[in-house]
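Asks: give me the fold of what follows.
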Amino acid sequence: MPMSGEWTSASANGLRSDSMPVGRFRAEDLLPAIVLVALAFKFLLVFRININWDEFYFLSLVHDYLRGTLNGRFQTLHVHLFTWLPTLHTDEAEQIIAGRLVMAATAAASALLLYGIARRFLSRAGALFGVLAYLSTTVVVEHGTSFRTDPIATLLVLLSLYLILRKPGGTASMAIAGIAMAAAMLITIKSVFYLLVIGATIPALTSGIRGCIRAALAFALPFALALAAGYMLHAASLAETVPPSATGFLRGTASKVFLKDGLFPRWADLVMVVAYNPLFWFMAIHGAAIASRAARANAKTVGWEAWLPLILALPLLTPFFYRNAFAYYYVFILPPASILIGLSFEAFRRRAADPADRRAALFSPILVTLQCVIFAAGIFRLLPDQIEPQRATLAAVHEVFPHPVPYIDGYGVVASFQRHGFFMSSWGMDGYHDAGRPVYPALVARAQPPLLLADSPSLYAALIPDVTVAERRVLLPEDIAFLKENYLQHWGMLFVAGKRIELPASGDPAAFDIAVAGAYRLEAAAAVTIDGKRQEPRDVVTLAIGRHSLEAGTMTGEVVLRWAAALPPPPGEPPSLMAFFGAKS
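Replies: Below is the predicted model of the structure:
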């Protein structure tokens, strides 16, 4: 159905470049090249941007799947796409970089689809400027190629929207759109926000109740079949454990992420996104006003279709109530706002086309230049290599433990090792505190992990002196005491199983408990007796789980028992947790 009105035709109101007066700024001539440069930098930045903790977790799920230990049915479909990563025989950082290159390709495809969607409403220049504005936002520059669900889901929802807008009511297009949307839902449940947008878009693009029902069924039936088949096939490929029910999971997720923390649950992230991208939001609001005015003017002749630019931008409202609206989330919800940006840009271009207004002729070049400056600033900020501290830490782990061992951490950083413990996101820590029970004594007794990587604020604060974190990040006192008693700092964030035993001044035997059974190396100034057997410094003693005794005669101070299989750490200053995750201070 053709669009009409102030903003609805790419050729309306003299917006095509060949209709502009000679000598005027021709944005169309520069914008394609600028957009290509923006996409090229996406591929460069995958080698520079600090790896976020959930990118490590995203990779760890792939390794869990290959080990046969993955049992999470929801939001883990991506594991089938990246089973080739562990075959690269590189460390986890390099595997994530390889995955990011795939995400950069999906981001480029998403930009192309976004351009195609925008062209339904905008001129070539307006659509390109909208795409550039999206690519230039700080969140998209930094997170647009992250190794997480968002780039894949963004591609799938934009593909679905493009097919629906391209041929509304077409059976094949609607069916493929439904399948793409089902895949997006299996990748991440938050794709439901776009499902609601599609539910409002289909009636706007079809004529009559019959046409609407026919188009809705052409979308809904393949969507439902693909969703059910995809879920069952994925579930069948996972570890044979009792999974949570789908309804229970969805009910629990909904109660957690919608309005549990009130309105604007991530207001600080929203403020940051707005403050760092004022031009984007100014033009989006301006474009929304233009779209609203045009929709009211055309509602009688065009109907609900007149509201499409605003309907497509509805995901922008989700940070009002969505708990997980962190900075990276905006990569997923900002694309449709490009249409509003384009409408604003075209309004300024129409003023520039007026020969009586000479000052207005500068609007287009100023806007394009500003957008380029914003993009360049974002790129310049991220060009320094922020992955090196992570490479150094991973290299240390693999040097100390050349072969995989069970380990504890917060985010699954060493994906090639079997991880134990819960994911220490804000959501995970909320669940931990709600339960109110220590987890590590039972976990260590069961899994016997000789390695602990203090890669989360909670673990770092529990084990590193004089480190404080927010109250909701603090482990329970029982867990803190247990970890301190049973793990020794080996190198920076890297801790190994061990005991630090204070010798009584009286010379009496010292009792100590071992939580991780195995061979320990003695670090002492002189020989001691452990469980009645004399041990020299540097001796290796095998200790079972439970209570042991140590006698040191008149020697004072402390004796250390360190996991014997832990090789010496590398030389050099280890990165702190702040440096590991790219914090400036």
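Asks: quick one: buried residues of stretch 366-376?
Replies: Neighbour-count burial for stretch 366-376 flags Leu367, Val368, Gln371, Cys372, Ile374, Phe375 (criterion: 16 or more other CB atoms under 10 Å). All C-beta spots, glycine's among them, are computed from the backbone N, C-alpha and C.
Asks: swap in stretch 166-183?
Replies: Residues 168-169, 173-183 are the ones in stretch 166-183 that count as buried (16+ other CB under 10 Å).
Asks: in helices, which of the residues you listed fall?
Replies: Ser173, Met174, Ala175, Ile176, Ala177, Gly178, Ile179, Ala180, Met181, Ala182, Ala183 (DSSP state H).
Asks: now the third one. Nearest residue, chain neighbours left out?
Replies: Closest residue in space to Ala175, ignoring its immediate chain neighbours: Pro222 at 4.3 Å, by CB to CB, 6 or more residues apart in numbering.
Asks: for the helix or strand in which the one you found is found, packing partners?
Replies: Element membership for Pro222 (DSSP states H and E) is helix 208-236. Here helix 208-236 touches helix 171-187, helix 192-205, going by 3 or more CB pairs under 8 Å, 6 or more residues apart in numbering; DSSP states H and E.
Asks: among those, which comes closest to Phe581?
Replies: Closest of the helices and strands packed on helix 208-236 to Phe581 is helix 171-187, at 24.7 Å (criterion: CB to CB).
Asks: which helices and strands sit right next to that closest one?
Replies: Right, helix 171-187 is packed against helix 149-166, helix 192-205, helix 208-236 by 3+ CB pairs under 8 Å, 6+ apart.
Asks: pick out the shakiest of the helices and strands packed on helix 208-236, pLDDT-wise.
Replies: Per-stretch mean pLDDT for these is lowest at helix 192-205 (a mean of 93).
Asks: tell me, what residue is most central in this protein?
Replies: What sits nearest the mean C-alpha location of the chain, by CA atoms, centre = their mean, is Arg148, with 4.5 Å.
Asks: how about low-confidence regions in the stretch 351-500 of the chain?
Replies: Scanning the stretch 351-500 of the chain for pLDDT under 70 picks out 352-361.
Asks: if we use 80, what do you get?
Replies: Counting by pLDDT under 80, the stretch 351-500 of the chain contains low-confidence ranges at 351-364.
Asks: where does Arg538 land in three-state SS?
Replies: The three-state label given to Arg538 by DSSP: H, G, I helix; E, B strand; the rest coil is coil.
Asks: how about the contacts made by it?
Replies: Arg521, Leu522, Glu523 (CB atoms under 8 Å, 6 or more residues apart in numbering).
Asks: roughly how far apart are the last one and His490?
Replies: According to CB to CB, to the nearest Å, Glu523 and His490 sit 12 Å apart.
Asks: just to revisit the earlier point, with distance to Trp307 and secondary structure as extra columns, can I get the buried residues of stretch 366-376 in JSON lines?
Replies: As requested, those are exported to JSON lines (distance: CB to CB, whole Å; DSSP: H, G, I helix; E, B strand; the rest coil):
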{"residue": "Leu367", "distance to Trp307": "26", "secondary structure": "helix"}
{"residue": "Val368", "distance to Trp307": "29", "secondary structure": "helix"}
{"residue": "Gln371", "distance to Trp307": "27", "secondary structure": "helix"}
{"residue": "Cys372", "distance to Trp307": "32", "secondary structure": "helix"}
{"residue": "Ile374", "distance to Trp307": "29", "secondary structure": "helix"}
{"residue": "Phe375", "distance to Trp307": "31", "secondary structure": "helix"}
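Asks: would you convert the residues you listed into TSV that also reports distance to Ala226?
Replies: TSV is the format used below for the buried residues of stretch 366-376 (distance: CB to CB, whole Å):
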residue	distance to Ala226
Leu367	41
Val368	41
Gln371	38
Cys372	41
Ile374	39
Phe375	37
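Asks: list just the one of the helices and strands packed on helix 208-236 that sits closest to Asp539.
Replies: Checking the helices and strands packed on helix 208-236 against Asp539 by CB to CB gives helix 171-187 as the closest, at 53.2 Å.
Asks: distance between the closest one and the chain's centre?
Replies: 23 Å (CA atoms, centre = their mean, to the nearest Å).
Asks: residues contacting that helix, please?
Replies: Applying CB under 8 Å, 6+ apart, the external contacts of helix 171-187 come out as 75, 77-78, 149, 152-153, 156-157, 159-161, 163-164, 166-167, 191-192, 194-195, 198, 215, 218-227, 230-231, 234.
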